[in-house]
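In: Generate coordinates for the sequence data below:
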Amino acid sequence: MIYFDHAATTPVRPEVVAVIQESLIEDYGNPSSTYALGRRTRQHIDQARRIFASSVKADPADIIITSCGTESNNTAIIPTALALEGKGKHLITSATEHHAVLHPMHYLEELGFEVTYLSVDDTGRVTLQSVMDAVREDTILVSLMYANNEVGSINPIAEIGSFLAEKNILFHTDAVQAFGSETIDVRQQHIDLLSVSAHKINGPKGIGFLYRKNSLHLPNFIHGGSQENDHRGGTENTPYIRGFAKAIALMEIEREESNRKKRGLGNYFLSELEKSGVPFECNGVYPEGVPHILNLWLPGMRSDKMLIQCDLKGIMLAAGSACTAGSLEPSHVLEAMYGKGNPRATESLRISFGPDNTTDEADTLISLLKSIHNKQYKNG
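Out: Okay, here's the model as predicted:
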């Protein structure tokens, strides 16, 4: 088995599993209870919250613990828009966002909001100028992803954030793909709302957090108890919260070396693929994007057929976002970058590396791609 789909999800680290197992046994007290067992569980959650906050240079009170990046995005976008509709009903996002942003925007359009979907350049990035041109007097929220989950391109977050802060317009960024590799400082980058998910950094699925600037008094997205400073009802998932905190602690210790390994393997892959004679071009701005994502256009080689051949050989990768798995639709990201009908949207692969991938694994994939290309050339 060769796993080249770390942008979709990552294996849970053994150290994280150990923390979760320990918590499942020991932290069975309800953290809202006043007796000692509940208080001890609450202390574990408070410690994790401090780790979450420190990872983005925020205050612990600014963190709302959620179930995933999708919930974080929905919580950042929908209640914020509804709370501010008295000031305006214009929202801005991009055409290349994850569906966890696009679908909430579509929902708000049904409620009477107007959404501007910014186009991107052929690197997959939104420009500061396009944001400046789109802003209006009634603009209340801008939501732009930190790094694209399909091609890895990084948006100019700090520059956009600074401009929007001057305009007193709220800025949300989906940082799910960037969190593991990029250093994030919500204050310096003028970010008001930021979404993160654990399973992209070797933590468990089903846990994430939303940073929201403490001065923002968002209405509840999930109603119930008074958990999360009265922002999200529901008894806290203490084992996964602790597991997420452990994954962040490991990530911060190992980030620099992990980035170096992933970037080195990507460079090796491109060099060896070029030597193999398989024609290709990079989609996006590799190596300037996040280090773990490499998106390749392989002219004349259909994505769906390549994925089948890879699966038969035990090689796991993707053609786009994992959240559109099973769909035969072309990549909306590549269509936004290169235009509808462009063959790149149906002839590209996303290879996303982890720190434990090897050059031997890269060689195996290259050999398979060469075989597919040679058979197609011979038959064509």
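In: contacts and neighbour counts: CA atoms only from here.
Out: Noted.
In: in this structure, which helix has the most residues?
Out: Within the chain, and with DSSP state H defining each element, the longest helix by residue count is helix 238-276.
In: Surely Pro291 forms part of a helix?
Out: No: going by DSSP: H, G, I helix; E, B strand; the rest coil, the assignment for Pro291 is coil, not a helix.
In: Check the gap between it and Phe113 for me.
Out: In this view, Pro291 and Phe113 are 36 Å apart by CA to CA, to the nearest Å.
In: do the same with Pro343
Out: Pro343 is 34 Å from Phe113, where distance means CA to CA.
In: in the longest helix of the chain, what's buried?
Out: Along helix 238-276, the positions that meet the burial threshold by neighbour count (16 or more other CA atoms under 10 Å) are 238-248, 250-251, 255, 258-259, 261-263, 265-267, 269-270, 272-273.
In: Ok, stretch 275-285 next?
Out: In terms of neighbour count (16+ other CA under 10 Å), stretch 275-285 has its buried residues at Val278, Pro279, Cys282, Asn283, Gly284, Val285.
In: Distance to His332, pLDDT and secondary structure added to these, as a markdown table?
Out: As requested, the buried residues of stretch 275-285 are exported to a markdown table (distance: CA to CA, whole Å; pLDDT from 0 to 100; DSSP: H, G, I helix; E, B strand; the rest coil):
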| residue | distance to His332 | pLDDT | secondary structure |
| --- | --- | --- | --- |
| Val278 | 25 | 96 | coil |
| Pro279 | 23 | 96 | coil |
| Cys282 | 17 | 96 | strand |
| Asn283 | 13 | 96 | strand |
| Gly284 | 14 | 91 | coil |
| Val285 | 17 | 89 | coil |
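In: Okay, domains of the chain per the record?
Out: Following automatic domain parsing, one finds the domains of the chain at 2-8+255-379, 14-249.
In: Distance from the chain centre to the shortest one, please.
Out: On the basis of CA atoms, centre = their mean, to the nearest Å, the separation between the geometric centre of domain 2-8+255-379 and that of its chain is 18 Å.
In: just for the protein, where's the confidence low?
Out: Screening the chain residue by residue with the criterion pLDDT under 70, one finds the ranges 230, 321-328, 377-380.
In: show me where it has helices.
Out: For the chain, the helices identified by DSSP H occupy 14-26, 36-55, 69-84, 99-110, 128-134, 157-167, 227-230, 238-276, 303-312, 332-338, 359-379, in order along the chain.
In: Nearest approach to Asn148 belongs to which of those helices?
Out: Asn148 sits nearest to helix 332-338 of all those, at 8.6 Å, using CA to CA.
In: Counting neighbours, which bits of the closest one end up buried?
Out: Of the residues in helix 332-338, those buried by neighbour count under the rule 16+ other CA under 10 Å are His332, Val333, Leu334, Glu335, Ala336, Met337, Tyr338.
In: In space, what's closest to the fourth one - neighbours in sequence excluded?
Out: Of all residues beyond its chain neighbours, the one nearest Glu335 is Ala345 (5.9 Å), with distances taken as CA to CA, 6 or more residues apart in numbering.
In: Please apply the same query to the third one.
Out: By the measure of CA to CA, 6+ apart, the closest residue to Leu334 outside its immediate chain neighbours is Ala345, 5.2 Å from it.
In: Contacts only, for that neighbour.
Out: Residues counted as contacts of Ala345 (CA atoms under 8 Å, 6 or more residues apart in numbering) are Pro330, Ser331, His332, Leu334, Glu335.
In: Now for the spatially closest residue to the third one that is not a sequence neighbour: which residues touch it?
Out: Yep, that's His332 we're talking about. The spatial neighbour of His332 that comes closest, neighbours along the chain excluded (CA to CA, 6+ apart), is Thr96 at 6.7 Å. With CA under 8 Å, 6+ apart as the criterion, the residues that contact Thr96 are Ser119, Val120, Gly124, Asn148, His332, Val333, Ala336.
In: List just the nearest of those residues to Ser72.
Out: Here the nearest of these to Ser72, counting by CA to CA, is Asn148; it sits at 16.8 Å.
In: ok, that closest one - contacts?
Out: Thr96, Glu97, Gly124, Ile154, Gln177.
In: Let me have these in JSON lines, extended by distance to Ile2.
Out: Conversion of those to JSON lines gives the following (distance: CA to CA, whole Å):
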{"residue": "Thr96", "distance to Ile2": "28"}
{"residue": "Glu97", "distance to Ile2": "28"}
{"residue": "Gly124", "distance to Ile2": "28"}
{"residue": "Ile154", "distance to Ile2": "27"}
{"residue": "Gln177", "distance to Ile2": "21"}
